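Participant: generate coordinates for the sequence data below:
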Amino acid sequence: MRMPVTPPTIQDISRKLQDNPDRYERIFQVARNAGHEGKYTHWDKLRHLRPPRDLSHEEWWLALKLGRVGLLEELPLKDVKGQPFRFGLPDPAPEQLHHIDQDAGGRITMTEREIVNPDSRDRYIIHSLVEEAITSSQLEGAATTRPVAREMIRSNREPRDRSEQMILNNYKAMQAIRQLKPQPLDLDLILELHRILTTNTLDNPGAAGCLRMPSEQVQVVTPYNEILHAPPPAEELRARLAALCDFANGKTPSFFIHPVIRAIILHFWLAYDHPFVDGNGRCARGLFYWMMLRQEYWLCEFISISEIIKKTPAKYGRAFLYTETDENDLTYFILYHLRIICRAIEELRKYIAGKAAEVRRVEELIRASVYLNGRQMALMSHALRHPDSDYTILSHQRSHAVVYQTARSDLLDLERRGILQSRKVGRRLRFRAVPHLEDKLRRLR
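Facilitator: Numbering: from 1, shown residues only. Okay, the predicted model is just below:
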């Protein structure tokens, strides 16, 4: 990651055109159709592209900036120099918001019917919580692999190192957000969320759930010590976070902001203020989820934005930097985040489709046998794909959010039917699929 080249200002370009005013007619023509192939392009990229016929790169940039001016609305968020951030909603943002409204908060389609099925709902929630916990922590440096992290959460074992602790904390925070969504945002809620996220992961354990001190200089830097972001002074944090809470609770600004846009801006705002010595990114993404669930975008319980961000983390960083280097234009970050949400919803659909296909496969294998419930079907599906996996009553309980006795009955029933076999390890029973499971299931017909 490197710092993008700062664009020339409208004033600088205009001064160069003072002796050639006829150029403005051509510039205004381009400004009426601002954008490059429908994209909101930053100067750092635009300067390498071919401009429209007979325009220089600077004149092209001026045309785009003039076309954007009328779109931008001012926010109560200020930068370190006291200048406001602004945002607009160019194409394709309105269409993306429409789809998110329908998919994440409104209609119930075939995919969502599968989600709200009581036998599958808790399983999908657990999956999304685990994926968001893992990938959000990996974005901040956690090195634990997915299989190890999943095993830790499912078996309820203690973390072995800081990376595993980060992931477990993220998992607990995502669970807490579901409970905290009815509460208006205040400083205590932000601090509690940070405490959950960073317990036992900081060099100074006392910094968990506490704002950074004036003596604690925090900057975002490259591996080559180039400063990418210097947040506001610690002395300003309480006032800035009070303004953030007013914004989150709908007290500001005076004009309407779409709830999804408000959630995205909240994500950016906390990351910009960087109020903690560590864990700012995880906390910012947590507040995004809090806001979305509070606004009844119920499907967000089941998606992982960090899973998508992690695939191209440099784009995530550039979305922040493009905003800061182009006169606080938050449109860059908003457009990036909208794409992430839409992709996360699509990934959920693919995941559910895959799970449904697995369930159908198991159902076909045991169609002629006695009834298995949805939890047992899910375990059989997993065992078919991972024949060497062990299952415990506790891991089955956590995977499906059921009581201990229900999980125990599920596994003992499968053992009685000859599908699982158990052994005792310490004081716990461990279950594993019998060899040649598919053949066994076929013989159950």
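Participant: which parts of the stretch 1-150 of the chain are helices?
Facilitator: Assigned by DSSP state H, counting those that start in this stretch, the helices in the stretch 1-150 of the chain fall at 10-16, 23-31, 43-46, 57-69, 93-100, 110-116, 118-139, 146-155.
Participant: if you could redo that for the stretch 151-300 of the chain, that was the one I meant.
Facilitator: Under the criterion DSSP H, counting those that start in this stretch, helices of the stretch 151-300 of the chain are mapped to 162-180, 187-198, 237-248, 259-273, 280-294.
Participant: save those helices as TSV, and put in distance to Ser304 and mean pLDDT too.
Facilitator: Placement of C-beta: from N, CA and C, glycine included. TSV is the format used below for the helices of the stretch 151-300 of the chain (distance: least, Cβ to Cβ, whole Å; pLDDT from 0 to 100):
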stretch	distance to Ser304	mean pLDDT
helix 162-180	9	93
helix 187-198	16	98
helix 237-248	22	98
helix 259-273	14	98
helix 280-294	10	96
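Participant: out of these, nearest to Ser422?
Facilitator: Smallest distance to Ser422 across those (Cβ to Cβ): 27.1 Å, for helix 162-180.
Participant: domain ranges for the chain?
Facilitator: What automatic domain parsing lists as the domains of the chain is 10-70, 74-350, 370-443.
Participant: most tightly surrounded among those domains?
Facilitator: Among these, domain 74-350 has the highest mean neighbour count (mean count of other Cβ atoms under 10 Å), at a mean of 18.
Participant: and it, end to end?
Facilitator: Domain 74-350 has an end-to-end distance of 38 Å (Cα to Cα, to the nearest Å).
Participant: equivalent analysis for stretch 88-105, please.
Facilitator: End-to-end span of stretch 88-105 (Cα to Cα): 23 Å.
Participant: centre of the chain to it, how far?
Facilitator: 17 Å (Cα atoms, centre = their mean, to the nearest Å).
Participant: who touches it?
Facilitator: 34-35, 38, 40, 68, 71-73, 109, 258, 260-261, 292, 295-300, 303, 329, 331, 334-335, 338-339, 341-342, 345 (Cβ atoms under 8 Å, 6 or more residues apart in numbering).
Participant: picking that back up, got the helices of the stretch 151-300 of the chain as a markdown table, with distance to Ser215 columns?
Facilitator: As requested, these are exported to a markdown table (distance: least, Cβ to Cβ, whole Å):
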| stretch | distance to Ser215 |
| --- | --- |
| helix 162-180 | 24 |
| helix 187-198 | 19 |
| helix 237-248 | 14 |
| helix 259-273 | 18 |
| helix 280-294 | 18 |
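Participant: closest to His229 out of the ones you listed?
Facilitator: Of all the helices of the stretch 151-300 of the chain, helix 259-273 comes closest under Cβ to Cβ, at 7.6 Å.
Participant: just the C-alphas of the closest one, formatted as PDB.
Facilitator: Output of helix 259-273 as PDB, limited to C-alpha atoms (Å, rounded to 0.1, in the frame of the first residue of the first chain):
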ATOM      1  CA  PRO A 259     -29.700   3.900   6.700                       C
ATOM      2  CA  VAL A 260     -27.100   1.900   4.800                       C
ATOM      3  CA  ILE A 261     -25.100   5.000   3.900                       C
ATOM      4  CA  ARG A 262     -25.300   6.100   7.500                       C
ATOM      5  CA  ALA A 263     -23.900   2.700   8.600                       C
ATOM      6  CA  ILE A 264     -21.000   2.900   6.000                       C
ATOM      7  CA  ILE A 265     -20.200   6.500   7.100                       C
ATOM      8  CA  LEU A 266     -20.100   5.300  10.800                       C
ATOM      9  CA  HIS A 267     -17.600   2.600   9.700                       C
ATOM     10  CA  PHE A 268     -15.400   5.300   8.100                       C
ATOM     11  CA  TRP A 269     -15.800   7.800  10.900                       C
ATOM     12  CA  LEU A 270     -14.600   5.600  13.800                       C
ATOM     13  CA  ALA A 271     -11.700   4.300  11.600                       C
ATOM     14  CA  TYR A 272     -10.800   7.900  10.800                       C
ATOM     15  CA  ASP A 273     -10.900   9.000  14.500                       C
END
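Participant: how far away from the center of its chain is that helix?
Facilitator: On the basis of Cα atoms, centre = their mean, helix 259-273 is displaced by 12 Å from the centre of the chain it belongs to.
Participant: stretch 4-16 too?
Facilitator: Centroid displacement of stretch 4-16 relative to its chain, using Cα atoms, centre = their mean, is 34 Å.
Participant: ditto for stretch 204-224
Facilitator: With Cα atoms, centre = their mean, you get 23 Å for stretch 204-224.
Participant: mean confidence score for it?
Facilitator: In this model, stretch 204-224 carries a mean pLDDT of 92.
Participant: that one: end-to-end distance?
Facilitator: Using Cα to Cα, the end-to-end distance of stretch 204-224 comes out at 25 Å.
Participant: what are the ranges of the strands in the stretch 251-400 of the chain?
Facilitator: Under the criterion DSSP state E, counting those that start in this stretch, the stretch 251-400 of the chain carries strands at the ranges 390-391.
Participant: quick one: low-confidence parts of this structure?
Facilitator: 34-38, 106-123, 359, 363, 366-370, 444-445 (pLDDT under 70).
Participant: switch the cut-off to 80
Facilitator: Within the chain, the stretches with pLDDT under 80 are 1, 32-38, 105-127, 355-356, 358-371, 385, 438-439, 441-445.
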